[in-house]
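**Student:** Build me a model from this:
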Amino acid sequence: MNGLAKVLNYRTAILVPVVLFVGSLAVIPPFYLLWSSFKPITLGNISDFSLSNFTLDNYIDAFSDPTIFITLIDSFFFAGGSMLVALLFGGMIAFLVERTNVPMRNLTYGLMLIPLIMPSMLKAIGWILLINPNNGILNLIWFSFGFKEPIFNAYSIPAMFWVEGLSMSPLTFLLLGASLRGMDPSLEEAAFTSGAGKVLTFFKVTLKLMTPAIAGIALLQFIRGLEAFEVPFVMGSTKGIHVFSTNIYVSIKEISPPEYGFGFVLSLLLTALAIIGLIIYQRAIAKSGRYATVTGKGFRPRLISLGKWRPLAGGFIVFFLFVSMILPFLVLLWASLLPFYQPPSAEAAALITMKNYQHLFSQDLFYLSLKNTLILATTVSVGGMFLATLVSWIVIRLKPRGATALDTLAFIPYAVPGIAMGYAFMIFFLSFPNPIYGTLWILVLAYLVNFLPIATRFTHAGITQIRAELEEAATTSGAGLLTVVRRIILPLILPTMLAGGLYIFILSVKVLSMAAILWQPDSIILPVYLMSTWTNNSIPAVGALSVVIIVIITILTVTARILGQRRSYVQEM
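**Tutor:** Just a heads-up that it's a prediction; the model follows:
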C-alpha cells in the first residue's frame, strides 16, 4: 500500500493546477461578461476592472426596447417547435427500433448517426433552396398543380424549427432509445394479457413509464433550441426574424457602432434561461426513481408485431433519412454544378459544369480555412479528451478534497450557450494585452471549455468501469504515478476516448456560434467561410463548398471509426 499512498500524495499537486486551468476558462470569461454588463460601455472602451462606475443602464436600455420581448416569444416558439419535431422523429424511431419488429432494425442504428455528420447550416441552406417562396423546388411542384400561393415559406419560424428539429432528432433517438432498451416490458405484457390492445397499452403503460425520460430529453432539446444559431441565422436573420443567438450576433457584429450593452444583456438572459432549464431537468431526474421498472431479474424485451403496418413504419424511417440529409444534400449538389442557380430542368442540366469546384480549389482562403479547421478540431478533440480523462480520474478515482468542485467547474460551460461563451471570451481577452486574441488559439480555448462537459460524460463512464484494484496492484508492484496512468488508465479508457474524441471532432468542424464571434481573417475556419460565402449570395459557390465540407467530414469520421476499431481489436488481442 506504500505505492498507492505515494500516488495519493500527488492528489493535491494534481488537483490544484487542473482546478485553476478549468476554473479560469469555465468561470472567469462568463463572470467577466456579467461584470461588464453593469458597466458603462463606449466604443473603444468595453472593459473596466474598476470597482466603481456600476450602472443598470444596459439593462434599462435593453428591456425598454420592445424587440427584446419579440425575440423572447420567437425564441420560445422556435425552441418549442424544434423540440416537438425532434421528439416526433427521434422518439418514434427509437420506439419502433427498440420495441417493434420494424424493418431494418439493426441497420437503423447506424443510419441514424449519419445525419449527425451534416452541419445544421448546410441543412438550412438546402431547405431554403427547397422551400423558397419564389423558386423553391417543392413550391414549384406545388405551383405546377395550378396553385398561385406557395405552400411553404423558408423564411418563417415553422420552417426554422422544422430544420432544427431534424438536426436534433438523432440525439433524441440515441437518448430515448437507451431508456427504452433498459425498460422492463413485463408491465406491457401484463396489459396484453389483460386484454388491452397495442394502442391502449402504448398510451396507458409504455408512454407513462417513459414520462420522466421523455420530459428530460424534451427539456434538454428545448434548451438546445434556445441556444441554436446556425439555422436561425441562415433562415431568419436576413428576413428580420431573430432569436436570442442571432440578436446577440447582430448587436456586436453587424450594427455600427456595436451595441455591446444589448449583447451583454441578451447573452446573460439566454444563459439564465439555460441554467433554469438545467435545474428543472436535474430535479426531474432526481424524482424519476418512482418510475423504475428494471430490477436484478434478467429480462428480454418483447417486440411488438406491427402486422400490416410494418411497411409503413419502415417507410417512416426512410422518410426521415430522406428529408433530414439526402434531400438537402442532393439540392446542394445540384446547385454546385450550375454556373448560376436555377431549379432542376432539362435546360439547366445542359449547363452542368465543374467550374465551381475548380474555383473553390483555387482559393487560398479555402485552404487556410481547411487547415485552421483541422488544427482546431484535432487539438480540441485530443486535448479535450485528455483533459476530460484527467478530470474524471481525479473526481472518480483520487477523490481529493475539492473533487466535487472540480466536477462542477467542468460542467458549468454546459449551461452557457455557445454564442454567449464566444462573446464572453471576446470581452475577456479584449480586456488585457495578450497574444491569444485574434489567433486560432482563442478558438481552441473557447471550443475546449465549451465541449468539456460533453467530453467528461464520456470519460466519467469510462473511468467508472475500471476497477481500482488494477491501479492498486500496479502501485503495489512499484509502479509510479505516470506508469499507472500510461500503462493502466489510458489503455483501458482508450476506446471511450476515441468515441468521445470523434464526437468532439465532428462538433468542432460543425459548430459556428463561437467562431462567428471570435474569428479573425487569419483564424477563419470552414463554418465561417461557408457563412461568408452564403452572405455574399453565391449559391453555386455555397453548393460546392457544402458538398466538399460534407465529403471531408464523412471521410474523417469513417477513417477515425476504422482506426478506433482497429486499435480496440489490437488491444483485445
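**Student:** Going by C-alpha atoms from here, please, whenever you check contacts or count neighbours.
**Tutor:** Noted.
**Student:** May I see the buried residues of stretch 69-79?
**Tutor:** By neighbour count on 16 or more other C-alpha atoms under 10 Å, the buried set for stretch 69-79 is 71-72, 74-79.
**Student:** Among those residues, which pair sits farthest apart?
**Tutor:** The largest separation in those, counting by C-alpha to C-alpha, is between T71 and A79 at 11.8 Å.
**Student:** So which of the buried residues of stretch 69-79 belong to helices?
**Tutor:** Among the buried residues of stretch 69-79, the members falling in helices (DSSP state H) are 71-72, 74-79.
**Student:** Out of the residues you listed, which comes closest to T353?
**Tutor:** Using C-alpha to C-alpha, these come closest to T353 at F78, 38.0 Å.
**Student:** residue contacts, the closest residue to that closest one other than its chain neighbours?
**Tutor:** Nearest residue to F78, sequence neighbours excluded (C-alpha to C-alpha, 6 or more residues apart in numbering): F161, at 5.3 Å. With contact taken as C-alpha atoms under 8 Å, 6 or more residues apart in numbering, F161 is in contact with 78-79, 81-82, 85.
**Student:** Find the helix or strand that the residue sitting nearest the centre point of the chain is a member of.
**Tutor:** Central residue check for the chain by C-alpha atoms, centre = their mean: the C-alpha nearest the mean position is that of L507, 6.3 Å away. For L507, the host element (DSSP states H and E) is helix 490-510.
**Student:** from the chain's centre, how far out does that helix sit?
**Tutor:** In terms of C-alpha atoms, centre = their mean, to the nearest Å, the centre of helix 490-510 is found 14 Å from the chain centre.
**Student:** Restricting to C-alpha, output it in CSV.
**Tutor:** Output of helix 490-510 as CSV, limited to C-alpha atoms (Å, rounded to 0.1, in the frame of the first residue of the first chain):
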residue,chain,number,x,y,z
LEU,A,490,-5.0,5.3,-20.8
PRO,A,491,-5.0,1.9,-22.5
LEU,A,492,-8.2,0.8,-20.7
ILE,A,493,-10.1,4.1,-21.4
LEU,A,494,-8.8,4.5,-24.9
PRO,A,495,-11.9,3.2,-26.7
THR,A,496,-14.0,5.6,-24.7
MET,A,497,-11.6,8.4,-25.5
LEU,A,498,-11.8,7.6,-29.2
ALA,A,499,-15.6,7.6,-29.2
GLY,A,500,-15.7,10.9,-27.3
GLY,A,501,-12.9,12.4,-29.4
LEU,A,502,-14.7,11.5,-32.6
TYR,A,503,-17.9,13.2,-31.4
ILE,A,504,-16.0,16.3,-30.2
PHE,A,505,-14.1,16.4,-33.6
ILE,A,506,-17.4,16.4,-35.5
LEU,A,507,-18.8,19.2,-33.3
SER,A,508,-15.6,21.3,-33.7
VAL,A,509,-16.0,21.1,-37.5
LYS,A,510,-19.7,21.8,-37.5
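**Student:** Following the chain onward from that helix, which element is next?
**Tutor:** Heading C-terminal from helix 490-510 (DSSP H and E), you reach helix 513-518.
**Student:** Run through who's touching that next one.
**Tutor:** Counting by C-alpha under 8 Å, 6+ apart, 229-230, 249, 253, 418-423, 425-426, 438, 442-443, 446-447, 525, 528 sit against helix 513-518.
**Student:** The helix or strand hosting P29 packs against which elements?
**Tutor:** Following DSSP H and E, one finds P29 within helix 28-36. Packing partners of helix 28-36 (3 or more C-alpha pairs under 8 Å, 6 or more residues apart in numbering; DSSP states H and E): helix 260-286, helix 418-430.
**Student:** returning to that earlier point: pLDDT and distance to T559 for the ones in helices among the buried residues of stretch 69-79 - can I get that in CSV?
**Tutor:** Below are these laid out as CSV (pLDDT from 0 to 100; distance: C-alpha to C-alpha, whole Å):
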residue, pLDDT, distance to T559
T71, 89, 42
L72, 89, 42
D74, 92, 40
S75, 92, 38
F76, 92, 39
F77, 94, 39
F78, 95, 36
A79, 93, 34
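**Student:** Distance to F411 added to those, as TSV?
**Tutor:** Below are those laid out as TSV (distance: C-alpha to C-alpha, whole Å):
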residue	distance to F411
T71	28
L72	26
D74	28
S75	24
F76	24
F77	27
F78	26
A79	22
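**Student:** Of those, just say which sits nearest to H359.
**Tutor:** F78 (36.8 Å).
**Student:** residues in contact with that closest one?
**Tutor:** So F78 contacts 157-158, 160-161, 225-226, 243 (C-alpha under 8 Å, 6+ apart).
**Student:** Out of the ones in helices among the buried residues of stretch 69-79, the closest to L494 would be?
**Tutor:** A79 (36.0 Å).
**Student:** Among the helices and strands packed on helix 28-36, show the one with the smallest mean pLDDT.
**Tutor:** Here the helices and strands packed on helix 28-36 differ in mean pLDDT, and the lowest is helix 260-286 at a mean of 79.
**Student:** can you list contacts of the helix or strand just after it?
**Tutor:** Next along the chain after helix 260-286, taking DSSP H and E as the criterion, comes helix 310-321. Helix 310-321 is contacted by residues 89, 93, 96, 101-104, 108, 111-112, 115 when judged by C-alpha under 8 Å, 6+ apart.
**Student:** now helix 310-321, how far from the centre of its chain.
**Tutor:** Mean-position distance between helix 310-321 and its chain equals 25 Å (C-alpha atoms, centre = their mean).
**Student:** Quick check: buried residues in it?
**Tutor:** Under 16+ other C-alpha under 10 Å, the buried positions of helix 310-321 are 310, 313-314, 316-317, 320-321.
**Student:** cool, stretch 234-250 as well?
**Tutor:** For stretch 234-250, the buried set under the neighbour-count rule, 16+ other C-alpha under 10 Å, comprises 234-237, 241-250.
**Student:** go on, stretch 350-361?
**Tutor:** 355-357, 360.
**Student:** ok, the residues you listed vs P17, which is closest?
**Tutor:** Using C-alpha to C-alpha, the buried residues of stretch 350-361 come closest to P17 at L360, 44.6 Å.
**Student:** OK, contacts around that closest one?
**Tutor:** Counting by C-alpha under 8 Å, 6+ apart, L360 has contacts 366, 541, 544-545.
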